[in-house]
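Chemist: Got a predicted structure plus its sequence, pasted below:
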Amino acid sequence: MSLFFEPDRAHNVVMSMTLDFPPSLRDRVEAIAKRSNLTASQVIADALENGHSLEWQERFLEKVEAGITAADGSAFASADDLRLVANRYRPT
């Protein structure tokens with residue numbers, strides 16, 4: 001798997017490297033990338049820069065997907081609930 005890091009705004013550094021991952025790890029990285037609309041390089045960079053392990057990223061995506069499913073199924077909040085919240089902070 002080849003990783004390509006984009007130029008950093010502060011340092012203008014571009015780094016390219018090739019890493020050998022076991023197929024199971026490569027598949028996890030690629031699955032996370034596909035689910036999150038990121039590149040494999042961005043997934044790896046997030047893990048390295050922010051300490052977001054692959055397990056953390058997988059759980060995060062599961063929670064996001066569950067929230068979207070709940071919202072799509074109106075289990076998130078009803079239209080009346082949303083109006084109440086929106087009107088709560090509206091000046092009278």
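Modeler: Nice, I can see it. These figures come from a predicted structure and were not determined experimentally.

Chemist: CA only for contacts and neighbour counts going forward, please
Modeler: OK.

Chemist: Let me see the backbone angles for Thr18.
Modeler: In terms of degrees, to the nearest 10, the main-chain angles of Thr18 are phi -110, psi 130.

Chemist: now the spatially most central residue of the chain: how far from Asp81?
Modeler: Against the mean C-alpha coordinate of the chain, by C-alpha atoms, centre = their mean, the closest residue is Ser36 at 4.9 Å. From Ser36 across to Asp81, the span is 29 Å (C-alpha to C-alpha, to the nearest Å).

Chemist: check which helix or strand covers the residue nearest to the residue nearest to the centre of the chain when sequence neighbours are not counted.
Modeler: Leaving out its chain neighbours, the residue that sits closest to Ser36 by C-alpha to C-alpha, 6 or more residues apart in numbering is Leu61, at 7.4 Å. Element membership for Leu61, per DSSP states H and E: helix 54-72.

Chemist: Which SSE is immediately downstream of that helix?
Modeler: Later in the chain than helix 54-72, the nearest helix or strand by DSSP H and E is helix 79-88.

Chemist: And for that next one, what's in contact with it?
Modeler: Residues from elsewhere that reach helix 79-88 (C-alpha atoms under 8 Å, 6 or more residues apart in numbering): none.

Chemist: how many other residues sit next to Val29?
Modeler: 21 (other C-alpha atoms under 10 Å).

Chemist: any idea how far Asn50 is from it?
Modeler: The value you get for Val29 to Asn50, if C-alpha to C-alpha is used, is 16 Å.

Chemist: can you check Asp80 too?
Modeler: From Asp80 across to Asn50, the span is 39 Å (C-alpha to C-alpha).
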